[in-house]
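> What would the 3D arrangement of this be:
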Amino acid sequence: MTSLGPAWPERAAWGTAPSLRAWQAAAMRDYLDRTPRDYLAVATPGAGKTTFALSVAAELLGRRMVDRLIIVAPTEHLKMQWAEAAAKAGLPIDPTYSAGKGKISSDYVGVAVTYAGVGVNPLALRIRTERFKTLVILDEIHHAGDALSWGEGVREAFEPAARRLALTGTPFRSDVNPIPFVTYAPGPDGVPRSVADYTYGYAQALADHVVRPVLFLAYSGEMQWRTRAGDEVAASLGEPLTKDLTAQALRTALDPEGSWMPSVLQAADKRLSEVRRHVPDAGGLVIATDQDSARAYAKLLKAISGESATIVLSDEKAASRRISEFSANDSRWLVAVRMVSEGVDVPRLAVGVYATTTATPLFFAQAVGRFVRARTRGEIASVFLPSVPRLLGFAAELEVERDHVLGRKITDEGDIFAAEDDLLARAQAGEAASADEQSVPFEALGSQARFDHALYDGAAFGHEGEVHVGSDEEMDFLGIPGLLEPSQMKELLQQRQASRSKPRKPAAAAAPDTVEQVATHEQLAVMRRELNGLVSAWNHRTGQPHAITHAALRKECGGPAAAIANAEQLRARIDRIREWAVRKSS
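Okay, the predicted model is just below:
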């Protein structure tokens, strides 16, 4: 057998390090007690899966239970990140290896590859896996289900491995294809679900101060756009809308030429300034839908902050360098398209803007995971969101753990307006659009932003009435200190919620009936919107249908249906459902 190069330490040198977090040490003990061939560890983003996996690898190498290491990562950047982390742990890994390369330097104990690379040439990696007793670390194992060829490639390449350690930090999707080397068992409904060997969820990590709490700041507003059919439409983001209208309203909001994105970016920059008063190197990340939008957002941020933003557009070596440079410096903003949303380690990120139309539980959890890695106790993560029920639901149920479900394909787990972008999908498939479709594209006509509410620990907090961007009411939330314990944050938000209601000014002497009627109508509309948003968040948190929740509120508080309830009745229901949320989270 070929020499390993450097003499690897014996078992005693690779014992559980004192620096391991409690969950890492517990998971490692569990692994070493059972020494299984396949092991799945599910740990929330920011918890330290890399450290756990490399500790296991070092222990197995020290015990001579394995001789070689193969790390499979989703992207080129993460492959380099793994190699850097492994080097610090005394495990030299070759991140430049490709399947056709053959032998590697004897200085290396293993290689790092991507899932795409495995799919291209699984046979070459199978041969390498067979030659040595190999431990394969499968980072973000759900990517083995992204494409059938990737899953088949992973199975073919690593079937002979002595050990396989699978990691994931996000909820699995629903699918019809099992992920290789993952164990499934019938769930409560009889449908097979993935079974983890060790799980460390967000709620546990938050209680252990391993991750930061997240304050979500939701923005709604008025949108106007022209459809591909040539119709002009106006709607409010945050109001109950059909799926298609929600998608088009969101697309309009994210248009950099409108007023919504500049307003939200300005608010996010104010929030970042407040956080940097307490955490001087805190950084912000805008996650964009596409490259054109990313460039436009970076231009807006330059005008707002006076400082150029770092742009990361693709999974290339230059992109990895830019991410590393941003991680090491103290500049304000990073703008990226997807690639910074998963696994990328930039611990100083503290403020985020979710400006992408991708709306899956998987992607959302990964994106939010970029902001939750704890450094100093008391740091708060702030994420700005469009007021879209689906996204607000994900925010409200951040602590919910999900398994990979077989036999049920969820078709709407991709882009929030997948139907709206059918032309793009067809173009990528080589199909031509019709002349009518080409001649009348979707066109955003205008947008206005307003602050909707803050969401923290599953409960919504906001002001009564319309809150405009730049107002004192908005600053009540943007100016929250950047260092607060979770209990202090909840107490502060509850205090501000209790004092949010202000007495309405009496109507003007001239035409009092008219003025009073207009004010009451606007107030009722705002309160209905607030109530609907809270009911939607409760649905995502508990699974209770909207109609049942509304009925329960009516039963407890009295009054008719929300559509015809008066202000006092709506306020009572809003306060009651907030009480439910606080009780459930306490």
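
> Counting neighbours, which bits of stretch 555-564 end up buried?
Residues Cys557, Ala562 are the ones in stretch 555-564 that count as buried (16 or more other CB atoms under 10 Å). The C-beta positions use only the backbone N, C-alpha and C, and glycine is treated the same way.

> Give me the contact list for it.
Arg528, Leu531, Asn532, His550, Arg554, Ala565, Asn566, Gln569, Leu570, Ala572, Arg573, Arg576 (CB atoms under 8 Å, 6 or more residues apart in numbering).

> how does it look with 10 Å?
Stretch 555-564 is contacted from outside by 524, 527-528, 531-532, 535, 550-551, 553-554, 565-566, 568-577, 579-580, using CB atoms under 10 Å, 6 or more residues apart in numbering.

> Repeat that for stretch 269-280.
215, 217, 282-284, 300-301, 304-307, 330, 332-333, 348, 350-353, 375-376, 378-384, 469-470, 474-475, 477-484.

> which residue packs closest to Ala185, ignoring adjacent ones?
Val195 (5.0 Å; CB to CB, 6 or more residues apart in numbering).

> Could I get the phi/psi values of that neighbour?
phi -120, psi 120 (degrees, to the nearest 10).

> And it, how far from Leu245?
Val195 sits 40 Å away from Leu245, taking CB to CB, to the nearest Å as the criterion.

> out of those two, which sits in the more crowded spot?
When Val195 and Leu245 are compared on other CB atoms under 10 Å, the one with more neighbours turns out to be Leu245, at 18 against 14.

> State whether that one is indeed within a helix.
Yes: under DSSP: H, G, I helix; E, B strand; the rest coil, Leu245 sits within a helix.

> where does the closest residue to it other than its chain neighbours land in three-state SS?
In this structure, Leu245 finds its nearest non-sequential neighbour in Ala235, 5.6 Å apart by CB to CB, 6+ apart. Secondary structure, three-state DSSP: Ala235 is strand.

> coming back round to it: return a PyMOL selection command for the buried portion of the contacts of stretch 555-564.
Remark: buried members of the contacts of stretch 555-564, expressed as a PyMOL selection using 16+ other CB under 10 Å:
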select buried, resi 524+527+528+531+532+535+550+553+554+565+569+570+571+572+573+574+577+580
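
> I'd say Ala303 and Leu265 touch.
Yes: counting by CB atoms under 10 Å, Leu265 is a contact partner of Ala303 at 9.3 Å.

> higher neighbour count, those two?
Taking other CB under 10 Å, Ala303 and Leu265 do not tie; Leu265 has more neighbours (26 against 10).

> how about the closest residue to Arg295 other than its chain neighbours, what does it touch?
Leaving aside its sequence neighbours, Arg295 sits nearest to Ile311 (CB to CB, 6+ apart; 6.5 Å). Ile311 sits next to 286, 288, 291, 294-295, 297-299, 301, 319, 322, 333-337 when contact means CB under 10 Å, 6+ apart.

> can you tell me which of the residues you listed lies nearest to Leu20?
The shortest approach to Leu20 among those belongs to Leu334, at 29.6 Å (CB to CB).

> isn't there a strand covering the closest one?
Yes: judged by three-state DSSP, Leu334 forms part of a strand.

> in the sheet, who's paired with it?
Note on Leu334: beta-bridge partners Leu285, Thr310, judged by DSSP bridges.

> average pLDDT for stretch 472-484?
For stretch 472-484, mean pLDDT rounds to 88.
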